[in-house]
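Undergrad: Any chance you can model this:
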Amino acid sequence: MEELDDIALLRAYVEHGSEDAFATIVARHVNKVYSVALRHTRNPQQAQEITQVVFIILARKARALGKKVILEGWLYQTARLTALASVRSEVRRAHREQEAYMQSIANENESEVWSQIAPLLDSAIASLNEADRRAVVLRFLYGKDTKEVGAVLGSNEGAARIRLHRAMEKLRHFFHKRGIVSTSEILSGAISAHVVQTAPIGLAKSATAFALAKAPAASASTLTLIKGALKIMAWSKVKTAVVTGVVVLLVASTASIVVKEIRSRTAARPIACTTAATGSIKGRFFGRGELVNAGNTTPEDAWESRYWARAQGDYDAVIAATDRQAVADAKKWMGDKATFRSSSREEFATSFQGFQILARKDLSSDKVELKYQFTFANRSTPKQAKIVTMVKVNGAWICAQTRAHDASWDSGSEIEPGS
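TA: Residues are numbered from 1 along each chain as shown. Predicted structure coming up:
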């Protein structure tokens with residue numbers, strides 16, 4: 001068969017099943033195919049496997065090859081492409097093995113690092129500025145991605161990613177000064193994996209029961225703890241309750257108890273500063289799930305607290321946060337207590353999306369106007385801008401009046417920056 005050319009040998013194999021003909025083709029071209037494979041892989045064992053694959057493909061496709069095919073060219077191209085596929089597969093396999101190895105090391109490191117940073121983590125987060133702290137809490141405690149973090153903070157995904165990177169570097173530096181040496185990546189992994197623990201079964205139910213109780217139902221020790229926590233918060237000027245989860249739980253789950261305690265002490269004061277101000281919330285969208293009782297030391301915080309009271313369906317707290325001259329108008333749209341409680345909770349649970357303070361005018365030392373807008377979950381409902389007048393009475397800011405926004409108001413107003 002030596003005298004036959006490649007095409008004749010190929011036809012003999014296709015038409016008559018001649019294994020000798022196919023063996024002759026392999027013998028003629030095996031060195032060339034192997035050489036192509038070896039140049040790509042630089043691995044003799046891998047090159048042998050590629051060579052075998054090339055001739056397996058030839059056997060399967062022989063019938064489809066035309067009489068004008070130049071077998072040398074076809075074999076070269078097939079060898080080259082097969083070698084490239086092999087190299088890519090090997091690279092992917094190596095990457096997978098490397099990733100698996102690195103992940104196993106990372107998991108070990110994260111577990112070890114977590115045991116070291118856990119006692120210091122909340123102090124480390126508290127050391128961050130408010131914007132960084134919010135970003136870290138949203139990303140790691142609540143599992144939001146960078147796009148969601150950016151949306152909540154009123155920025156874009158890129159800005160959120162940069163903020164988180166800088167915040168993690170600050171945390172890494174915090175731990176480094178205390179003898180815990182790690183990378184920000186390992187810290188991120190350790191925090192993500194361990195920071196949220198499952199609450200005991202039944203805790204949500206009992207917390208809800210306490211929050212909705214019409215009369216104080218907590219034990220004496222719990223009431224003492226509440227009073228102590230509120231006193232510490234007021235003196236230490238904690239700016240955000242979301243970081244210190246224990247405080248949030250105490251405040252949120254005993255709202256009615258707190259309000260009654262406040263009223264018993266303040267009498268003539270419209271509403272006491274039950275928590276330290278949460279700081280500036282101006283310029284960013286404030287969702288319904290983030291509302292807290294922020295106190296009333298600033299007009300902005302007092303307005304947030306009033307929205308928080310509405311979200312709770314707390315009729316008395318809303319009235320207490322309203323100027324006496326405006327109470328009559330407030331009661332008209334609020335209705336009776338039972339109606340307000342159910343309708344307000346329904347609204348904040350299903351349709352109300354959040355609000356945003358856009359600008360502020362200081363009319364005097366005890367009178368401020370805020371321009372704000374609020375949105376609903378139903379996107380067909382347009383955003384509505386309004387003006388609220390806040391007045392300071394006995395050291396506490398309260399709501400005096402709300403009205404529709406007019407474009408003339410914007411003249412001379414100060415546009416508030418984002419957080």
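
Undergrad: what packs against the longest strand seen in the chain?
TA: Ranked by residue count under DSSP state E, the longest strand found in the chain is strand 352-364. With contacts taken as 3 or more Cβ pairs under 8 Å, 6 or more residues apart in numbering; DSSP states H and E, strand 352-364 sits against strand 286-287, helix 299-312, strand 367-376, strand 414-415. The C-beta positions use only the backbone N, C-alpha and C, and glycine is treated the same way.

Undergrad: same thing but at 7 Å, please
TA: Applying 3 or more Cβ pairs under 7 Å, 6 or more residues apart in numbering; DSSP states H and E, one finds that strand 352-364 contacts strand 286-287, strand 367-376, strand 414-415.

Undergrad: Can you tell me what sits against the longest one?
TA: In other words, strand 367-376. The list of residues contacting strand 367-376 from outside it, by Cβ atoms under 7 Å, 6 or more residues apart in numbering, reads 299-300, 303, 351-363, 383-391, 405, 409, 413.

Undergrad: Restricted to buried residues, select those in PyMOL.
TA: Buried members of those, defined by 16 or more other Cβ atoms under 10 Å, are picked up in PyMOL with:
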select buried, resi 299+300+303+352+353+354+355+356+357+358+359+360+361+385+387+388+389+390+391+405+409
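
Undergrad: ranges for the helices of the stretch 1-150 of the chain?
TA: Per DSSP state H, counting those that start in this stretch, the stretch 1-150 of the chain carries helices over the ranges 6-16, 19-41, 44-61, 71-117, 121-126, 130-136, 146-153.

Undergrad: quick one: which of the ones you listed is nearest G295?
TA: helix 130-136 (15.2 Å; Cβ to Cβ).

Undergrad: Give me the buried stretch members for the closest one, please.
TA: 131-136.

Undergrad: For those, name the two members farthest from one another.
TA: Comparing every pair within the buried residues of helix 130-136 by Cβ to Cβ identifies A131 and V136 as the most remote, at 9.9 Å.

Undergrad: before we move on, the earlier item: tell me which of the helices and strands packed on strand 352-364 lies nearest to I7.
TA: Checking the helices and strands packed on strand 352-364 against I7 by Cβ to Cβ gives strand 286-287 as the closest, at 73.7 Å.

Undergrad: The residue nearest to A404 when sequence neighbours are not counted and I125: what is the separation?
TA: Excluding its sequence neighbours, the residue lying closest to A404 (Cβ to Cβ, 6 or more residues apart in numbering) is K386, at 6.1 Å. Separation of K386 from I125 (Cβ to Cβ, to the nearest Å) stands at 35 Å.

Undergrad: Distance from the chain centre to the longest strand of the chain, please.
TA: Strand 352-364 sits 25 Å away from the centroid of its parent chain (Cα atoms, centre = their mean, to the nearest Å).

Undergrad: repeat for stretch 16-28
TA: Relative to its parent chain, stretch 16-28 has a centroid offset of 64 Å by Cα atoms, centre = their mean.

Undergrad: which one of the helices of the stretch 1-150 of the chain is the most hemmed in?
TA: helix 130-136 (a mean of 21; mean count of other Cβ atoms under 10 Å).

Undergrad: Now do it: which elements does it pack against?
TA: Looks like helix 130-136 contacts helix 146-153, helix 157-176 (3+ Cβ pairs under 7 Å, 6+ apart).

Undergrad: Mind pulling the model confidence for R161?
TA: The model reports R161 with a pLDDT of 92.

Undergrad: wait, isn't F140 in contact with I191?
TA: Yes: with contact defined as Cβ atoms under 7 Å, F140 reaches I191; the gap is 4.8 Å.

Undergrad: and for those two, which residues touch both?
TA: Joint contacts of F140 and I191 (Cβ under 7 Å, 6+ apart) do not exist.

Undergrad: on that earlier part again, can I get the helices and strands packed on strand 352-364 in TSV with mean pLDDT, distance to I70 and mean neighbour count?
TA: Shown next, in TSV, are those (pLDDT from 0 to 100; distance: least, Cβ to Cβ, whole Å; neighbours: other Cβ atoms under 10 Å):
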stretch	mean pLDDT	distance to I70	mean neighbour count
strand 286-287	69	68	20
strand 367-376	84	69	19
strand 414-415	48	74	11
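
Undergrad: Save those as JSON lines, and put in distance to G395 too.
TA: Putting the helices and strands packed on strand 352-364 into JSON lines (distance: least, Cβ to Cβ, whole Å) gives the following:
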{"stretch": "strand 286-287", "distance to G395": "24"}
{"stretch": "strand 367-376", "distance to G395": "14"}
{"stretch": "strand 414-415", "distance to G395": "24"}
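
Undergrad: closest to S344 out of the ones you listed?
TA: So among the helices and strands packed on strand 352-364, strand 367-376 is nearest, using Cβ to Cβ, at 13.7 Å.

Undergrad: got the angle between the helix or strand that comes right after that closest one and helix 299-312?
TA: Note on strand 367-376: by DSSP states H and E, the next helix or strand toward the C-terminus is strand 384-393. Counting by axes from the mean of the first three to the mean of the last three Cα atoms, to 10 degrees, strand 384-393 lies at 110 degrees to helix 299-312.

Undergrad: okay, now the domains of the protein?
TA: 6-95, 127-194, 203-415 (automatic domain parsing).
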